[in-house]
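Enquirer: Attaching a predicted model along with its sequence, questions to come.
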Amino acid sequence: MPYSAKLTTRELVLLGLLLAAAVILRLMENILPFPIQIPGARLGLANSVTIIALLLFGTRSTVLLLLARLLLVGVISTGLLSPGFLIGLGGAACSFAAMALAIRTGLFSPVGIGVTGACAHNCGQLLAAMLLLQSTAPAAYLPLLLVIAIPTGFSTGLIARLVLPVLRRENQNRQQ
């Protein structure tokens, strides 16, 4: 589904479903304990939806989807403009930029895009935390968070890689 200035009804519905899936996945992460208790460490399952949207719709639609997800989760869970929201926003912005750039190069599979996004997300979170705290102390978590980002990014990329063909095939069947 290449990006065009006007989205079809089918594309808008798919974006809405992707948004709902991303919000649900993100909220589930609040409930499910992550095996490693480090601030900022989580699976990042909603990132698989971002990868899917980037590959299906491009950056313009995906940035709107991502902003909507951040706002909805902020309202439901963390609170708008709370430290948690701002740290997540920093992570999401860096992750989005890195994944969009990785896609633009054409050198990365969805799995590589997932690992790139996870590493960039952790860097963005730590940068936001350092700005909020006015301290470089959070940077001490960077090596461990980057190690954790590899399997979590691999997982989100793998989910995207498995789901993308199904969505593309379904779209082709509907257009025939």
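Expert: Nice, thanks for sending it over.
Enquirer: Give me the buried stretch members for the helix or strand harbouring P151, please.
Expert: In this assignment (DSSP states H and E), P151 forms part of helix 142-175. Buried residues in helix 142-175, counting neighbours by 16 or more other CB atoms under 10 Å, are found at 145, 148-149, 152-153, 155-157, 159-161, 163-164, 167. C-beta coordinates here come from the backbone N, C-alpha and C atoms, glycine included.
Enquirer: Name the nearest of the residues you listed relative to I36.
Expert: I148 (6.3 Å; CB to CB).
Enquirer: before we move on, what SS does the closest residue to that closest one other than its chain neighbours have?
Expert: Spatial nearest neighbour of I148, excluding adjacent residues (CB to CB, 6 or more residues apart in numbering): A41 at 5.2 Å. For A41, the assignment made with DSSP: H, G, I helix; E, B strand; the rest coil gives coil.
Enquirer: isn't A41 right up against V147?
Expert: No. The criterion here is CB atoms under 8 Å, and A41 misses it with V147 at 10.0 Å.
Enquirer: With pLDDT and distance to A20 added, can I get the buried residues of helix 142-175 in JSON lines?
Expert: What follows is the buried residues of helix 142-175, written out as JSON lines (pLDDT from 0 to 100; distance: CB to CB, whole Å):
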{"residue": "L145", "pLDDT": "92", "distance to A20": "28"}
{"residue": "I148", "pLDDT": "92", "distance to A20": "27"}
{"residue": "A149", "pLDDT": "94", "distance to A20": "26"}
{"residue": "T152", "pLDDT": "94", "distance to A20": "22"}
{"residue": "G153", "pLDDT": "96", "distance to A20": "23"}
{"residue": "S155", "pLDDT": "96", "distance to A20": "21"}
{"residue": "T156", "pLDDT": "96", "distance to A20": "17"}
{"residue": "G157", "pLDDT": "97", "distance to A20": "21"}
{"residue": "I159", "pLDDT": "96", "distance to A20": "16"}
{"residue": "A160", "pLDDT": "97", "distance to A20": "17"}
{"residue": "R161", "pLDDT": "97", "distance to A20": "21"}
{"residue": "V163", "pLDDT": "95", "distance to A20": "14"}
{"residue": "L164", "pLDDT": "94", "distance to A20": "18"}
{"residue": "L167", "pLDDT": "89", "distance to A20": "14"}
